[in-house]
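In: When you get a sec, could you give me coordinates for this:
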Amino acid sequence: ILAGMDGHDVTSPKVWDAYHAHPDLFETFFHKGLERANALLGEAVFKPQDWEICGEIEEDEGRHRFFLKANRDVAVSAAATGGDAGLVLQQGTELDWFDAHKRPQWMVREMCAAAGLEIVKSWAIEGSEMRQYLIRLDTGAEQSSDSDDSAISVSGV
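Out: Reported below is the predicted structural model:
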């Protein structure tokens, strides 16, 4: 596996500014995504006036979280849910859009080891906190699967 990880300290102003320094660009990026989601659902579930686009830093999780928060109750048809019944997303409902996790090199090594993986090699441009990791199964490690942990899971080995 070739994986990339941002090793910046999540509390660094650089992390926040990377996404929020140009609010118009940030809003346009999300609204294009919401337009695509509406097209896939076959109805306008994500009208800009109905949703607040939010971002927050979660220091304890080491992530920059992006989510949508309903400004009012939003009805979703059965056709859009793919089921027999529609649903209502109540005002205040938060929908995670994406997370930008930040992990230093030592933490990536620990996560891989805990999942029965080993880092064969890693690369970074001098002065950069962005690293690429070449990862493989650690043939000497005990293999396990923890379905409660969605971060990394190894099974069927």
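In: Give the helix, strand or coil label for residue 113.
Out: helix (DSSP: H, G, I helix; E, B strand; the rest coil).
In: Mind jotting down where the helices sit in the chain?
Out: 13-20, 23-41, 78-81, 105-114 (DSSP state H).
In: deepest of these, which one?
Out: helix 105-114 (a mean of 15; mean count of other C-beta atoms under 10 Å). (Each C-beta comes from the backbone N, C-alpha and C, glycine too.)
In: Can you get me the centre-to-centre distance for that helix and its chain?
Out: Distance, stretch centre to chain centre, for helix 105-114: 19 Å (C-alpha atoms, centre = their mean, to the nearest Å).
In: same deal with stretch 120-131?
Out: How far stretch 120-131 lies from its chain's middle: 21 Å, per C-alpha atoms, centre = their mean.
In: quick one: buried residues of that stretch?
Out: Within stretch 120-131, the residues that count as buried by 16 or more other C-beta atoms under 10 Å are 129, 131.
In: What's the end-to-end length of it?
Out: 13 Å (C-alpha to C-alpha, to the nearest Å).
In: neighbouring contacts of it?
Out: 4-8, 105, 108, 132-136 (C-beta atoms under 8 Å, 6 or more residues apart in numbering).
In: and what of stretch 23-35?
Out: 19-20, 46, 48, 51, 53, 66, 68, 97.
In: Drop anything exposed from the residues you listed.
Out: By 16+ other C-beta under 10 Å, the contacts of stretch 23-35 give 46, 51, 53, 66, 68, 97 as buried.
In: which one of those sits closest to residue 75?
Out: residue 46 (12.4 Å; C-beta to C-beta).
In: What are the phi and psi values at that closest one?
Out: Dihedral angles of residue 46 (phi, psi; degrees, to the nearest 10) stand at phi -110, psi 80.
In: Can you show me the CA trace of the lowest-mean-pLDDT helix or strand in the chain as CSV?
Out: None of the helices or strands of the chain scores lower by mean pLDDT, DSSP states H and E than helix 13-20, at a mean of 90. This file holds the C-alpha atoms of helix 13-20, laid out as CSV (Å, rounded to 0.1, in the frame of the first residue of the first chain):
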residue,chain,number,x,y,z
PRO,A,13,-2.9,28.0,12.1
LYS,A,14,-1.5,26.6,8.8
VAL,A,15,-4.0,23.7,9.0
TRP,A,16,-7.0,26.0,9.4
ASP,A,17,-5.8,28.5,6.9
ALA,A,18,-5.3,25.8,4.2
TYR,A,19,-9.0,25.4,3.9
HIS,A,20,-10.5,28.6,5.3
